[in-house]
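> Sequence first, then the predicted structure, then my questions.
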Amino acid sequence: MAFRFLHTSDLHLGKPFGRFDEAIRGRLREARHAVIGRLAKAARAAEAPFVLLAGDTFDAETPSPQTLAQALQAMAQASDLTWVLMPGNHDSLAATELWRRIAADAVPNVRLALEPEVMMLTPDVALLPAPCTQRHPGRDLTLWMDGAATPDGCARIGLAHGGIAGFDGMEAAAIIPPDRAEQSGLAYLGLGDWHGQMQIGQRTWYSGAPEQDSFKHAGPGGALIVSVDGAQCDVTTCPIGQFHWQSIAVDLLPGDTGIDQVTSALPHPEQRRDSLIDLRLRGRQTLVERAAIDQLCARIGAEFGAFFVDASELQSQALVTDLDIIEATGALRDAAEALMARAEDTGATGADRATSAAALNALFSIMSEASS
Amino acid sequence: MKLRAVRLENVRRFAGKTVEISDIGDGITVLSAPNEFGKSTIFDALHAVFFEKFSGKSQSIKDLQPHSGGAPNVRVEIETPKGRFWIEKQWLSRPAARVTDCASGRLIASEDEAEAWIAQIVGADLRGPTGLLWVRQGDVWLDPEGATAREKSEREDRRRVRQNLLNSVVGREIDMMTGGRRMDQVLHRVGEKLDLLATKRGKPKAGGAWAVAVDAAAALEEEATGLRIAVSDLRQSLVDRHLAERRLAELDDPDVIAQQAELLARAEEAHAAAVAHQVRADQARQANQVAELSLRDVQRQLSDFDARTEAAKAAVAAHSDANRELAIAREHMTQHQAAETRATSKRDEADGKAKHLRTALDKARIAATAQAAAERLAALRAQLTSAETARRQLEEAEAALANVRITPESLRAAEQAHADALSARKLAEAQGVRVTLQYEGDARASFEGAEIEPDQPVVLREPSVLKLPGIGKMMLEPPANSDTSIDDAERALRSALQNCAAASIEDARVALQARDDLRARCNRAKDVLANVAPKGIADLQAACAALEADAASAGEPGDIADLTAQLRRADAALAECDGALAAAVSLARQAQADLARAEANVASAENAVAAAVLPDGDRDALARGVDTAEAQVRETREAVDSLKAQAPDVGAAEAALQRARSVQDRTEKERNATVKALAELNGEISARASRGVEEALADVAGRAKAAAARAARFEGEVAALTLLRDTLLAARSTARDAYFEPVRRTLMPLLAMVYDQAELVMDDATLLPSGLRRGGQDERLDILSGGTREQIAILTRLAFAALLNEAGQPVPVILDDALVHSDDDRIAAMFNALHRSASAQQIIVLTCRQRAFRDLGGAEAQVRISDQRDVP
């Protein structure tokens, strides 16, 4: 009979999001806490009695008492499920205080995988955890799984946290072999650390963070419903995350209707409140176009949970018509042209050019204000 | 346009008169005349021709009318590229305006047409550029400065003229070039935006968003630093706790505990065994000591036995020896006592001899002393005798001297008197009768009762009677003369001799000699006395009396040296006898002591003999006892040595035991300390963890980063706005410079003639210089001196005149009593500037400062004033 469980990781409970504004900061923290409930709901929906957390459940080695107590409380409330918590690099075994406090709380349906030893989830299913001993263990903690003895006929499920060797984007210290599952006879190897959902091999997956915490990985967070039957596994993804972190790049050229391009790249209005946008504008725009985009961003930015605009790679190109808006002749025109020349001076530093472009934009903006 | 001639009729002070200035040339023309001449009248008349309509009745026109009334009429001749023309105007009465071609005399225009013609000539309207260039007396500045409507209006008119002129020269309006109000608005807006964020110096402005962001970033970073420390402390505490727990586990390791316990048990066992062995060794040592004591006891008994036996024998021998020694001592005693007696006797003998010699020596010394005293006494007595003799001689001589009256002085007086008497006598004799008688018998003649000796001449100086016995009397009568002198001399001689207590001069001489002798005797006696009795005769007498006793006891003096030598020898012999006696006494006493000791020894020996008893018992038995005891000692010694050889190191066993115990103690202490430290660490960790410092740090660090980014954005915005402002200001400045370039171009050469290294700052609004820039410093014109302002105003007019020239509107410059505030140097420089301008510009200078303007040069205006009716 197949054994079904929910594989997740990297909840990073207690992450403060200090660089965000006060309003969204509170919502982001709350969403991280609420993810426990959503995971429980997803597990129940998939009839998976076990939730395996592959590390980084907590963001800090010594989370605040509220973070810890509320997390354990939420898990305890999902009493029909068994939560297996394994230390990751953020909440490694070096975080002795954390694991001591969790152990002291002794929540009945929370099991701690603190040792690299076989843990029987059911008589037929053995969990082989590779808890992180330190933030940077510097060795392959899954190595022990090779020789780990489990009862005959048992399904062997590995649980680990860290980078897979040889995969792009992983940290330099990524040393878990990609074929660990095959080498160690695992039916499934659930991994944590990579916040995006990713399949490494037939039986090896990163579940990704259920609630994203940066713009690094596109899309809302999710979890994996894994069904293991003997040596076989079946993996399905399920969305969990509330907030949609999006890094959007828009390439523009003069003549492009920048407003339309930006608008179409952004989420629909009904999604915007739970969206965090990192908008990167690149290319060139006329002063008029640029001013229009700036106005658009200023207007709709507040509709989003967070809205960052990086226009450092968007150059302002002044057309004669743009400059004519400022002034056809005279000192204003001369000043605008001088700024334009500085902004386009390839001999100048990037900072100087950016300052000049900003000055030109400001001039254009003021002249536009005055005209209107 | 150039002015060639002016004619005024019936204008103001020239009532009923005609004033003509003709042949006005190019360049500079100077009308130099004193005050009240009417220069301003000429100026106003000229001004009126060009700027007052003939139909006008304004105050300025009325001011042209003389008090006597009539119509003021002004005619000027001008030259234009089209030729020469007369312009003539008359106001108030039969007002008229006419323009006539000088060459043909043709009327070109009259009335309003004439006005239009004039306006075209002088500029766009009547308030055209001429107003710029014509400087009325007292009008030192370029524009009127008052606040009346008229002044304001005039200012605006002139500004407009300048603007039109510059616009026409530059080809664009200044506002178009500098941005005008739009530029002002943009700069104002940029300034507003900057002012919200930054200070004038470009720093974050207190209360502004930038400053708030910077402050927030700094505050958050400070908070983050505090939290980093807290997190670091927490991590350190966690590490410490981990180490402490590991250490506690090591301490609690059962194997280690068992190992320590076994180590302690073994040490205790070894220590107990060592102690037991030590007890046995002590017992053996005691047995050995007992055996040795027993051996010493029997050895003592044996030796005691032998000693008592030997003692008895020795006592007998000693008694015998003592008796022998007693006999010897007695003999010694006898010998030494005899020797002492001998020595005593000998010593007494030597003593007696010495005493005798000492007595003899004393006596000899006394005798010698007495003899010396006698000798001394004799000498003293001789001295005394001499002294007494001398004293007597002195007393006699002094007594004799006391009776002597003669003195050398009295003798010298007597000698003188004697000489005088002799002289007198000789003189008398010479004058007297010398009678010498030689007798043949016994009869003798006498004179005055005295016989006259034969052959003894008698001198008779006065009539004398010689009795010649037998014969009778012979009467002798010397020649009569005076005897007075001789009598006087004789009297004086007698007196002098009386003073000398002498009868004759010879006596006197003898008496003085005797006086000197007496004095010599006195002196000699004093010398003797001083020599033999320096302290007086009484002293000598006392000394003699004192010596008399000593001298009286004089005995026979012996040979003291010999006696002394004998006594020394006797004393030496006595000392030798004393030494011999002392030695004899000492030997006798020693012998006596030896005798006493010998007697005591004998007594003692007798007692010892009496006491010495031969011991009882068996000496052999005692000797056997000694052998047995010696065997016992050997046996116990061997036992002791044997135990010592096998003895374990108790110190080492103790050290090992101590170490084992200390290991356990230390372990226990460390355990207690570790448990305590763990409890403390748990408390610290719990306290820090409960604060959630890591989460707080992540939160604060994130916020600090966001605040820093926000501050950086503001900084960028400020940089952009600052750049924009600076660029705008620079562009405006450049545009302004371009606009004013024509003025600058024409003005700078003139300015350079008056001021070194100076330039004028032009004002956008007035289009006039607003400041003078010298050495990089701007000086506002309104605070400069009147002279400088006046000079700049004229130079600026000359520049504008040059511009008008360039624009094809040449207008003469007319200066009425200008340069009133300028000093000599500046006036010379200004004259140069005027001449420079005059090369292309007609300049008419009206001045009352005839002397000052003499150096200006130029042509002098020829003014002709005539009655009106004289004019054709």
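Cool, the structure landed. Residues are numbered from 1 along each chain as shown, chains lettered A, B, ... in the order given.

> With adjacent residues omitted, what lies nearest to residue 364?
Picking chain A for this. A:L287 (4.4 Å; C-beta to C-beta, 6 or more residues apart in numbering or on different chains). All C-beta spots, glycine's among them, are computed from the backbone N, C-alpha and C.

> if you could check chain B rather than the one you did, that'd help
B:A364's closest residue in space is B:G558 (C-beta to C-beta, 6+ apart), at 3.7 Å.

> ok, the one you found to chain A distance?
B:G558 sits 138 Å away from chain A, taking C-beta to the nearest C-beta, to the nearest Å as the criterion.

> Is that residue part of a helix or strand, or is it coil?
coil (DSSP: H, G, I helix; E, B strand; the rest coil).

> can you count the residues close to it?
Per other C-beta atoms under 10 Å in any protein chain shown, the neighbour tally for B:G558 reads 15.

> Lowest average confidence across helices and strands of the chain, where is it?
Chain wasn't specified; assuming chain A. Least confident helix or strand of chain A, by mean pLDDT, DSSP states H and E, is helix A:320-326 with a mean of 75.

> Can you look at chain B instead?
Quick look at chain B via mean pLDDT, DSSP H and E: least confident is helix B:130-133, a mean of 62.

> Residue of the stretch 251-400 of chain B nearest chain A, please.
Relative to chain A, the nearest point of the stretch 251-400 of chain B is B:D252 (18.1 Å; C-beta to the nearest C-beta).

> Settle this for me: that residue is touching B:E670, isn't it.
No. Taking contacts as C-beta atoms under 8 Å, B:D252 lies outside contact range of B:E670: 11.0 Å.

> neighbour-wise, which of the two wins?
Using other C-beta under 10 Å as the criterion, B:D252 and B:E670 rank with B:E670 on top: 15 against 12.

> Quickly note the distance from that one to chain A.
B:E670 sits 21 Å away from chain A, taking C-beta to the nearest C-beta as the criterion.

> same check, this time on B:R851
On the measure of C-beta to the nearest C-beta, B:R851 and chain A end up 51 Å apart.

> The helix or strand where B:S866 lies: partners in the sheet, and parallel or antiparallel?
Counting by DSSP states H and E, the element that carries B:S866 is strand B:862-867. Here strand B:862-867 is paired, per DSSP bridges, with strand B:14-22 (antiparallel).

> Would you mark the buried spots in the partner strand?
B:14-15, B:17-21 (16 or more other C-beta atoms under 10 Å in any protein chain shown).

> Please identify which pair of the residues you listed lies farthest apart.
Based on C-beta to C-beta, the longest span within these runs between B:A15 and B:I21 and measures 18.4 Å.

> just to revisit the earlier point, who touches the residue nearest to A:F364 in this structure?
By C-beta atoms under 8 Å, 6 or more residues apart in numbering or on different chains, the residues touching A:L287 are A:316-319, A:322-323, A:325, A:360-361, A:364.

> Just give me the longest helix of the chain.
All of this refers to chain A. Secondary structure of chain A per DSSP state H: the longest helix is helix A:22-45.

> Chain B was what I was after
Chain B, longest helix under DSSP H: helix B:254-403.

> can you list contacts of the next helix or strand after that one?
Going down the chain from helix B:254-403, the next helix or strand is helix B:408-431, by DSSP H and E. Outside of helix B:408-431, the residues within contact range by C-beta under 8 Å, 6+ apart are B:459, B:461, B:478-479, B:481, B:483, B:485-486, B:488-490, B:492-493, B:495-497, B:499-500, B:502, B:505, B:508-509, B:511-512.

> Repeat that for stretch B:596-616.
B:304-305, B:308-309, B:311-312, B:314-316, B:318-323, B:325-326, B:328-330.

> buried residues in it?
By neighbour count with 16+ other C-beta under 10 Å, stretch B:596-616 contains the buried residues B:598, B:601-602, B:604-605, B:608-609, B:612.

> So which of those residues is the closest to B:A354?
For the buried residues of stretch B:596-616, the nearest to B:A354 is B:A598 (39.2 Å; C-beta to C-beta).

> Okay, B:E145 and B:T199: tell me how far apart.
Per C-beta to C-beta, to the nearest Å, B:E145 is found 37 Å from B:T199.

> just A:A103 next, same as before
Counting by C-beta to C-beta, the gap from A:A103 to B:T199 is 58 Å.

> do the same with A:A42
As judged by C-beta to C-beta, A:A42 and B:T199 stand 57 Å apart.

> Pick out whichever of the two has more residues nearby.
More crowded of A:A42 and B:T199, by other C-beta under 10 Å: A:A42, with 22 against 14.

> Residue 240: neighbouring residues, count only.
With no chain named, the answer covers chain A. Neighbour number of A:I240 under other C-beta under 10 Å is 24.

> not what I meant, chain B
By other C-beta under 10 Å, 16 other residues sit near B:D240.

> need the contact list for it.
Counting by C-beta under 8 Å, 6+ apart, B:D240 touches B:677, B:681.

> cutoff 10 Å now
For B:D240, the contact set (C-beta atoms under 10 Å, 6 or more residues apart in numbering or on different chains) comprises B:677-678, B:680-681, B:684-685.

> Same question for A:F20.
Contacts of A:F20 (C-beta under 10 Å, 6+ apart): A:26-29, A:276, A:305-306, A:308, B:702-703, B:706.

> Using the three-state scheme, assign it.
coil.

> Provide the backbone phi and psi angles at it.
phi -90, psi 160 (degrees, to the nearest 10).

> likewise B:V458?
phi -120, psi 130.

> Now the least confident helix or strand of chain A: buried residues?
Of all the residues in helix A:320-326, those buried under the rule 16+ other C-beta under 10 Å are A:322-323, A:325-326.

> same deal with stretch B:326-333?
B:326, B:329, B:332-333.
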